[in-house]
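Visitor: Based on what follows, work out the 3D shape:
(one chain, ligands or ions: 1)
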Amino acid sequence: MASEVAKRSAPNTGGGSKKRQKIKSTKDVPTVQKRPVAIDALPWNEVKLPDMFDDAEGFFGLEEVEGVEVLKEGNNIRFVSAKAADVEYEDEFEGFSDNPEEGVVTTAKDKAKDDSVLEEGSHPSDEKRATEKKDTKKKKDKKAKTKKALEKVENQDGNEGSKSDHNEMNVFKALAQDNDDNDGTDVTAWSGLDLSGNMLSALSILGFAKPTPIQLAAIPEILDGHDVVGKASTGSGKTLAFAIPIIESWLETYGEMEDEDEKNVRLPTALILSPTRELAHQLTEHITALCKGLDKSPWVAAVTGGLSVQKQQRQLAKADIIIGTPGRLWEVMSSSIELSASFKKIKFLVVDEADRLLTEGHFKEADEILTALDRQQDAQEGDEDEIPSRQTLIFSATFHKGLQQKLAGKGKQGLMDDKESVEYLLKKLNFREERPKFVDVNPVSQMAEGLTEGLVECAGTEKDLYLYSLLLYHPNQRTLIFTNSIHSVRRLTPLLQNLNIPVYALHSQMIQKARLRSIERFSSPKSPGSILVATDVAARGLDIGGVQLVIHYHLPRTADMYVHRSGRTARAEASGSSILLCAPEEVVGMRRLVAKVHAQNAISGGGNKSKYYMRSLDVDRKVVARLKPRVTLAKKIADSSLAKEKKGHDDDWVKKAAEELGVDYDSEEFEAAGGQRKGRGTGRKLKEKEARALTKNELGALRAELKSLLSQRVNVGVSERYLTSGSVDINELLKGAKGEFLGKIDGIGMET
Ligand SMILES: Nc1ncnc2c1ncn2[C@@H]1O[C@H](COP(=O)(O)OP(=O)(O)OP(=O)(O)O)[C@@H](O)[C@H]1O
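Guide: Model prediction:
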């Protein structure tokens, strides 16, 4: 095996695997062993220059290293060091960080907690780990039972030469029997896909009784070695559609490896490109969850920023499945020759949410990565046989029409060389087949089946009020609110908090730790009624269980974005609603956009071509008017803190600039001078100034007033519809049994 590849840790394969011993302190190191070390992992020391070199341009940052042997093996150069080995040994095997903000989430097989074992997978949070610990026993019992079922079959079917498919059918039967005793999920429905017993057992543990349509259609094509372009509606299980065959391939290759040495230097199997950090982490968790049910499992690593490039390089050197955003991946890859060399030999390249990744702002990095992966370019003479031919898998719920045609192979010839064009990138994907298999399992609808859509008409200036009303009409529902700007997320979050709504924020300018924390809290089973206000960074791919409602506070800019945003609810056969808040002047355009989405579905599915008409939802304006005072107050309080915060930032910035220029800075004087000029933004500035001017006491009074308003129930009364229908027991309604009060008490629900 090529020696350029960094040493990798073998996954735990149970009792038989060699386990590395934990070195607790340097005192415990019995012998000083020399080991091959990556060049950037050597214990480099900064060279101290004598004072006389005060201005020695070009020598700053000079580093030296001691005790390193340089070995030349053919064309490869290796560095062997005792010291570095110790340092790196501790560092390398301390287990991946539990801290998600550190950017790499990795996992190894679920295994017995053995103090002497340092190769341990990690999980994104301590909280999660605590929950997982609790689940472990349960899962282990389940796993043992599933295993027993498989063994039972093997024993029953012990005749040599028995047909494997016959055997497999019995595996299913045993699992089904087992399931009858509530011991595991019956996975008989997966039988046509030719999966290994190991994989079936993992699916049974996950509780996935049958493949989804995209899994049913795409898995055999991928297992057969084809390039695949997969299109299926949001929440339909695309992740496992590509992950299952990738893991099957890894299991097969790993099973064929004869000794530990070979396992230790194995090459990565797959590289998965994701457009956002959150999605990369989610893909990691999703694949990891499946791997946990396997006897032996691949290392899965997410690369999304936060860690030092060197540390990520070391961790990636061990990974079998790498999931990353293009920017960070390219940064890590481009600074390590060893990593790019090993990536070139991957068996699978996956582009998830392809239409976004290939078309929106990721050109440069995607281009660099694809160039680096291009196996032909670096193939050396006589090396051809060693290079596995890569399968390319492209997945999304939406594809621009042009992109779809190009991916389907039409017009692949004569692709332009314009370096800025999608065609250029497509060419770079380097499909191994002239035409990849196009798997479009759900041409009738990109939208999930269980989705209800509607719009609420309200004046642009009243969106806050209607948003709050909608939230009260849907109490205890996990709700995702989309806005088109970071500023709106920043504004709406405190506003809703002031109104006692459990709300979290998500946008791209938040630090990674805070982003992941928001998602974790929003998705926590402990808070089913939480709210997330987000930009479109949350629109694609995020799979948060139990999102029942999506509200488009700002309208989506494109039809595809409408599909992706709305797809955060009604996932995996669940139901959910998507509601647009539309100003009157926006209604026609929006109806047209949504009709377009549905028309495309109808035409491609050969279905009903009548125009889809999105209904307006009936919100009782009188009830909304009753909520106005509290929203106005909450807004005033939120605006005041925001304006003060902003002033602090502005002051800091101007102070710094004044310091650099060597002038005095007086914020009052500065503002007075600015206030003379009339121009754009003056009105906003005045409002901010007003908001800032609120004293502590005034704010306290506003808070008290709001508190009192919030403690009052909002009686929605008896709607005219009820009165005219003549069939309603008004006394019953007023008793509260049907929830005539808004909010947590018991929502009345929306009429659709
Ligand atoms: N065979 C299955 N049976 C039951 N649930 C499944 C199955 N496969 C996947 N799921 C679940 O369905 C949910 C959605 O899957 P996934 O995130 O892969 O959807 P997706 O098609 O990638 O959606 P999007 O287009 O929004 O990214 C996940 O919670 C996943 O665990």
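Visitor: Next SSE downstream of the lowest-mean-pLDDT helix or strand in the chain?
Guide: The helix or strand of the chain with the poorest confidence is helix 164-180; it has a mean of 33 (mean pLDDT, DSSP states H and E). Scanning forward in sequence from helix 164-180, with DSSP states H and E defining helices and strands, the next element found is helix 197-206.
Visitor: can you list the residues of the stretch 251-400 of the chain near the ligand?
Guide: Counting by Cβ under 6 Å from any ligand atom, the positions of the stretch 251-400 of the chain adjacent to the ligand are Ala397. In this view, the C-beta of every residue, glycine as well, is placed from N, C-alpha and C.
Visitor: Just the closest residue of the stretch 251-400 of the chain to the ligand, please.
Guide: At 4.0 Å from the ligand, Ala397 is the closest residue in the stretch 251-400 of the chain, using Cβ to the nearest ligand atom.
Visitor: Surely that residue is in contact with Arg565?
Guide: No: between Ala397 and Arg565 no contact is recorded; they are 11.3 Å apart, counting by Cβ atoms under 8 Å.
Visitor: so how many other residues sit close to Arg517?
Guide: Arg517 is surrounded by 17 other residues when neighbours are defined as other Cβ atoms under 10 Å.
Visitor: typed the wrong thing, it's His286
Guide: 18.
Visitor: Ser334 now?
Guide: The burial count assigned to Ser334 is 15, neighbours taken as other Cβ under 10 Å.
Visitor: what does Gly589 give?
Guide: Residues near Gly589, counting by other Cβ under 10 Å, number 11.
Visitor: Just give the nearest non-adjacent residue to it, would you?
Guide: Of all residues not flanking Gly589 in the chain, Leu555 sits nearest, at 8.0 Å (Cβ to Cβ, 6 or more residues apart in numbering).
Visitor: One more: Leu467?
Guide: Tyr553 (5.8 Å).
Visitor: and Thr452, that one's in a strand?
Guide: Yes: looking at Thr452 with DSSP: H, G, I helix; E, B strand; the rest coil, it is inside a strand.
Visitor: so how far is the ligand from it?
Guide: When Cβ to the nearest ligand atom, to the nearest Å is the yardstick, Thr452 and the ligand sit 17 Å from each other.
Visitor: pretty sure that residue is in contact with Ala574, am I right?
Guide: No: with contact defined as Cβ under 8 Å, Thr452 does not count as touching Ala574 (11.9 Å).
Visitor: Residues of the protein that sit close to the ligand?
Guide: So the chain meets the ligand at 208, 211-212, 215, 232, 234-240, 397, 541, 543, 567, 571-572 (Cβ under 6 Å from any ligand atom).
Visitor: hmm, try it at 5 Å
Guide: With Cβ under 5 Å from any ligand atom as the criterion, the chain comes near the ligand at residues 208, 212, 234-240, 397, 541, 543, 567, 572.
Visitor: which ones among those are found in strands?
Guide: Taking DSSP state E as the definition of strands, the residues of the chain next to the ligand contribute nothing to them.
Visitor: In JSON lines, list those along with pLDDT and neighbour count.
Guide: Below are those laid out as JSON lines (pLDDT from 0 to 100; neighbours: other Cβ atoms under 10 Å):
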{"residue": "Phe208", "pLDDT": "93", "neighbour count": "20"}
{"residue": "Thr212", "pLDDT": "92", "neighbour count": "21"}
{"residue": "Thr234", "pLDDT": "77", "neighbour count": "28"}
{"residue": "Gly235", "pLDDT": "80", "neighbour count": "24"}
{"residue": "Ser236", "pLDDT": "84", "neighbour count": "24"}
{"residue": "Gly237", "pLDDT": "91", "neighbour count": "22"}
{"residue": "Lys238", "pLDDT": "91", "neighbour count": "25"}
{"residue": "Thr239", "pLDDT": "94", "neighbour count": "23"}
{"residue": "Leu240", "pLDDT": "96", "neighbour count": "23"}
{"residue": "Ala397", "pLDDT": "76", "neighbour count": "25"}
{"residue": "Gly541", "pLDDT": "71", "neighbour count": "26"}
{"residue": "Asp543", "pLDDT": "80", "neighbour count": "19"}
{"residue": "Gly567", "pLDDT": "87", "neighbour count": "28"}
{"residue": "Ala572", "pLDDT": "76", "neighbour count": "14"}
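Visitor: and the gap between Ala534 and Leu633?
Guide: Summarising the geometry, the distance separating Ala534 from Leu633, computed by Cβ to Cβ, to the nearest Å, is 25 Å.
Visitor: Name the residue in those two with the higher neighbour count.
Guide: Per other Cβ under 10 Å, whichever of Ala534 and Leu633 has more neighbours is Ala534, with 27 against 20.
Visitor: Is that one bridged to anything, and to what?
Guide: Beta-bridge pairing of Ala534, defined through DSSP bridges, involves Phe482, Leu506.
Visitor: List the residues that contact the nearest residue to Ala505 once chain neighbours are set aside.
Guide: Computed as Cβ to Cβ, 6+ apart, the closest residue to Ala505 that is not its neighbour in sequence is Thr493, at 4.4 Å. Taking Cβ atoms under 8 Å, 6 or more residues apart in numbering as the definition of contact, the neighbours of Thr493 are 503-505, 533.
Visitor: List just the nearest of the residues of the chain next to the ligand to Lys437.
Guide: Within the residues of the chain next to the ligand, proximity to Lys437 (Cβ to Cβ) peaks at Lys238, which comes in at 14.7 Å.
Visitor: where's the closest one relative to Thr188, distance?
Guide: When Cβ to Cβ is the yardstick, Lys238 and Thr188 sit 23 Å from each other.
Visitor: give me the number of residues near Tyr466?
Guide: As a burial measure, Tyr466 scores 23 neighbours (other Cβ under 10 Å).
Visitor: brain fart, Leu465
Guide: The burial metric for Leu465, expressed as a neighbour count using other Cβ under 10 Å, is 19.
Visitor: pretty sure it is touching Arg621, no?
Guide: No: because the distance of 10.5 Å does not satisfy Cβ under 8 Å, Leu465 is recorded as not touching Arg621.
Visitor: Do I have it right that Pro528 meets His474?
Guide: No: because the distance of 11.9 Å does not satisfy Cβ under 8 Å, Pro528 is recorded as not touching His474.
Visitor: of these two, who's got more company?
Guide: Each of Pro528 and His474 has its neighbours counted (other Cβ under 10 Å); His474 has more, 21 against 13.
Visitor: Pop out the phi and psi values for the more buried one.
Guide: His474 has phi and psi values of phi -120, psi 60 when expressed as degrees, to the nearest 10.
Visitor: what's the spacing between it and the ligand?
Guide: Here the distance between His474 and the ligand works out to 21 Å (Cβ to the nearest ligand atom).
Visitor: Quick check, that residue in contact with Leu549.
Guide: Yes: with contact defined as Cβ under 8 Å, His474 counts as touching Leu549 (5.3 Å).
Visitor: All set now, cheers.
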